[in-house]
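[1] generate a structure from the sequence data that follows.
(chains A and B)
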Amino acid sequence: MSNISKVFKDSLASGRVVLIGYLTAGDPSLEQTRIYAEALVEGGVDVLELGVPFSDPVADGVTIQASAQRALAAGTKLLDVLRLSSTIKKSLKTPIVILSYLNPIYRMGFRKFFEEAGSSGVDGVVVPDLPVEESTEFREEARRAGVDTILLASPTTSEDRLDLILRASQGFVYLVSLLGVTGVRRELSPEALRILERVRARRERPYVAVGFGVSSPDHVKALVKGGAEGVIVGSALVKIVEENLDNPSKCLEQLRSFAARLKEATKF
Amino acid sequence: MAGGYHLPDSRGRFGAYGGRYVPETLMEPLIELEEAYKRLRDERSFREELDVLLRDYAGRPTPLYYAERLTKELGGAKIYLKREDLAFTGAHKINNALGQALLAKRMGKTRLVAETGAGQHGVATATVAARMGFRCTVYMGAEDMARQAVNVYRMRLLGAEVKRVDSGSKTLKDAINEALRDWATNVRDTHYLLGSAVGPHPYPMIVRDFQSVIGREIRAQILEREGRLPDLVVACVGGGSNAIGTFYPFIEDRDVKLVGVEAGGEGLETGRHAASLVGGSPGILHGMYSYVMQDEYGQIRTTHSVSAGLDYPGVGPEHAFLKEMGRAEYVAVGDRAALEAFLTLTRLEGIMPALEPAHAIAYIMDVAPTMRRDDIIVLTLSGRGDKDLDIVSRSLGGLF
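    Here you go, the predicted model:
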């Protein structure tokens, strides 16, 4: 059982769903990301998701787009993000998932990327522009390195393709809660509970976590009630970073306390 | 290509190139689009409806014009221009816009989104949206809106909403990102009317097929005029829609040389260009595996061209394949040569080309003199130059 699956198993056994927190690595610097990541874990985040900045993030809304731009302006490279993972892993056991668009990984080479990722303690990889049909070689290299390939499913995914995705996804399956891109939303999309129900109805499936637009403790509570086993919060955290670029200590405190409020909502 | 050329394959690949690298939300809509297209393309009523629109609305067939004075001036091969500048709305873009809009209508969609660079595809989409009663949103980079202001106004007059894109390089690449985001958000009632032969499968195939009317007409027209096929067929390449539409009907005619002309900008050595095939490398952008302009870490680079329509860091996957097979050749022509060619064609033939095909004109000004007088060149003049007059007047430094 992978580290990620184990975190799901243990957390669910103790009456909580898994809290996954996203930060764009290198926004505003790699060192700050390390400090912020530790604050999230102190606040209760169970799995860290570190984003690799990309010039053309088509699945992301304005908050993460701007964050990626800041990280790129700071000179953040894919290899830097892997090194950051390795540094974080020296003090924390928290599983780390890397989120990257495909081209930076393709450019490095799948094999080299997974060798580096594996030796950096990376537990899983999410690639928002890699659908299951194009993922065979990628997953093969991931498996060799002992890294989970986490696939996405969305409200538009058909039953046939959902089968394929659930069979291939490792660690957990990442459910996109809405039609559209990442970003803070006031309301939880009604699509979220429908797709969750569809996946929960399957007998054989990986753990299921829901992301995109998950922005508040209330959203988390609704998803817990709807049967989610994990929740992924991204833009709401990145927004805290964005709003406190000139005040790192305040940022750290806000990240920690927001993570704690989210954690509170993960009980079932 | 013995046995005939039948690409893309069932996975949307042209050899290694193409495919479908998109967020999961767009996968089913792409499959649905592919299935609808495959069902309708051979359906008689669909073909007839499109043919009538192409003829009576878009003004097809466009003429194949013998450029006598340009030919004499260059002193080599006979030069024919395929006059896509005379198609309705001023460029070849209308061919694809009509085809896809009909497809969208049959699929029950009520809204179109599109990206635009120079504004020609945006205008074509806004036009067919008005004609067929779709709501329409066009994404356009802030930089392009400034340099193609007249087209922005045309789109708004036609009833389209033009949305300004301020992210990234503020040009065509970013407009495509924004259109993809819009489509993912509104996928149930919206068709993404992609304007070039780029993007995830089935777009490169659909756009090629709808633009192939250019090459089919050339073939019939040149056979009628000259009794034989041309020796050289030339078109400009940004994303590559007019070029693939021109080349496709000639792919199996191995004696017809095919040349695509990319934007060399300020020179390949400066890095300020948009020549993905000549100066880029394989990578993944906008849902396709093709040649892209990228840095050593896989970040997409900012491009430059005097022509907004060529200012794009990727290229259609079928061009990547034709390059790799050696079936087509790709070259780059810079801003300056394109501007000079613009002026040459204007003065010799009274035809003001768009700056995009002016790149192709510049190329044949080099090669025509080296060819024999009974050789034949056909060049696709993909659009007219009215939209570019501001840029031309600024670039020529108040010469006129």
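
[2] please name the nearest non-neighbouring residue to residue 226.
    All of this is about chain A. residue A:193 (4.3 Å; C-beta to C-beta, 6 or more residues apart in numbering or on different chains). C-betas here are computed from N, CA, C, even on glycine.

[3] you answered for a different chain; I wanted chain B.
    Using C-beta to C-beta, 6+ apart, the closest residue to residue B:226 is residue B:376 (6.0 Å).

[4] repeat for residue A:216
    Per C-beta to C-beta, 6+ apart, closest to residue A:216 is residue A:236, 7.1 Å.

[5] show me which strand runs longest in the chain.
    Here I'm looking at chain A. strand A:18-24 (DSSP state E).

[6] not quite, go with chain B.
    Per DSSP E, chain B has its longest strand at strand B:257-265.

[7] pairing partners for it, with directions?
    Using DSSP bridges, the strands paired with strand B:257-265 are strand B:232-236 (parallel), strand B:328-334 (parallel).

[8] give me the mean pLDDT for it.
    In this model, strand B:257-265 carries a mean pLDDT of 98.

[9] then that strand to PDB, C-alphas only?
    The C-alpha coordinates for strand B:257-265 follow below in PDB (Å, rounded to 0.1, in the frame of the first residue of the first chain):
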ATOM      1  CA  LYS B 257       6.900  20.400 -53.800                       C
ATOM      2  CA  LEU B 258       5.100  21.800 -50.700                       C
ATOM      3  CA  VAL B 259       6.700  24.600 -48.700                       C
ATOM      4  CA  GLY B 260       5.300  26.200 -45.500                       C
ATOM      5  CA  VAL B 261       6.600  29.700 -44.600                       C
ATOM      6  CA  GLU B 262       6.900  30.500 -40.900                       C
ATOM      7  CA  ALA B 263       7.400  33.900 -39.200                       C
ATOM      8  CA  GLY B 264      11.100  34.600 -38.700                       C
ATOM      9  CA  GLY B 265      10.300  37.800 -36.800                       C
END
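
[10] that one: what's the following helix or strand?
    Sequence order places helix B:276-279 as the next helix or strand after strand B:257-265, per DSSP states H and E.

[11] show the subsequent helix or strand relative to that following helix.
    Assignment by DSSP H and E places the next element after helix B:276-279 at strand B:281-285.

[12] parallel or antiparallel, list what pairs with that following strand.
    strand B:288-292 (antiparallel).

[13] can you name the residue of chain B nearest chain A?
    Proximity of chain B to chain A (C-beta to the nearest C-beta) peaks at residue B:298, 3.1 Å away.

[14] specify the local secondary structure of the spatially closest residue to that residue that is not a sequence neighbour.
    Distances taken as C-beta to C-beta, 6+ apart place residue A:107 nearest to residue B:298, at 3.1 Å, with adjacent residues excluded. Assigned by DSSP: H, G, I helix; E, B strand; the rest coil, the conformation of residue A:107 is helix.

[15] the one 4 residues further on too?
    When the structure is reduced to helix, strand and coil (three-state DSSP), residue A:111 reads as helix.

[16] how about it: what's its closest non-neighbour residue?
    That would be residue A:141: by C-beta to C-beta, 6+ apart, it lies 5.4 Å from residue A:111.

[17] just to revisit the earlier point, and the residue nearest to residue A:216, how many neighbours?
    20 (other C-beta atoms under 10 Å in any protein chain shown).

[18] what segments of the chain are strands?
    As the question left the chain open, I've gone with chain A. A:18-24, A:47-51, A:96-99, A:124-126, A:148-150, A:152-153, A:172-176, A:207-211, A:230-233.

[19] oops, wrong one, chain B.
    Using DSSP E, strands in chain B cover B:13-14, B:17-18, B:64-66, B:78-83, B:111-116, B:135-141, B:161-165, B:190-192, B:232-236, B:257-265, B:281-285, B:288-292, B:328-334, B:376-381.

[20] so what pLDDT did the closest residue to chain B within the stretch 51-200 of chain A get?
    Closest residue of the stretch 51-200 of chain A to chain B, C-beta to the nearest C-beta: residue A:107 (3.1 Å). On pLDDT, residue A:107 comes in at 98.

[21] what does residue B:104 give?
    Residue B:104 is given a pLDDT of 98.

[22] do residue B:2 as well
    So, for residue B:2, pLDDT stands at 44.

[23] kindly report the same for residue B:400.
    66.

[24] circling back to that earlier point, other SSEs contacting the longest strand of chain A?
    helix A:3-13, helix A:30-43, strand A:47-51, helix A:62-73, strand A:207-211, strand A:230-233, helix A:235-243, helix A:248-264 (3 or more C-beta pairs under 8 Å, 6 or more residues apart in numbering or on different chains; DSSP states H and E).

[25] same thing but at 7 Å, please
    helix A:3-13, helix A:30-43, strand A:47-51, helix A:62-73, strand A:230-233, helix A:235-243, helix A:248-264 (3 or more C-beta pairs under 7 Å, 6 or more residues apart in numbering or on different chains; DSSP states H and E).

[26] what does the average pLDDT come to for it?
    Strand A:18-24 comes out at a mean pLDDT of 98.

[27] repeat that for stretch A:119-130.
    So the average pLDDT for stretch A:119-130 ends up being 98.

[28] now for the nearest residue to residue A:222 once chain neighbours are set aside: which residues touch it?
    Spatial nearest neighbour of residue A:222, excluding adjacent residues (C-beta to C-beta, 6+ apart): residue A:188 at 5.2 Å. Counting by C-beta atoms under 7 Å, 6 or more residues apart in numbering or on different chains, residue A:188 makes contact with A:177, A:219, A:222.

[29] for the first one, grab phi and psi.
    Reported as degrees, to the nearest 10, the phi and psi values for residue A:177 are phi -80, psi -10.

[30] what's near enough to touch the residue lying closest to it once chain neighbours are set aside?
    Take residue A:177 and drop its neighbours on the chain: the residue closest to it by C-beta to C-beta, 6+ apart is residue A:192, 3.7 Å away. When contacts are counted by C-beta under 7 Å, 6+ apart, residue A:192 touches A:177, A:178, A:210, A:223.

[31] and the first one, how many residues sit next to it?
    Right, the one you point to is residue A:177. Neighbour tally, residue A:177, other C-beta under 10 Å: 27.
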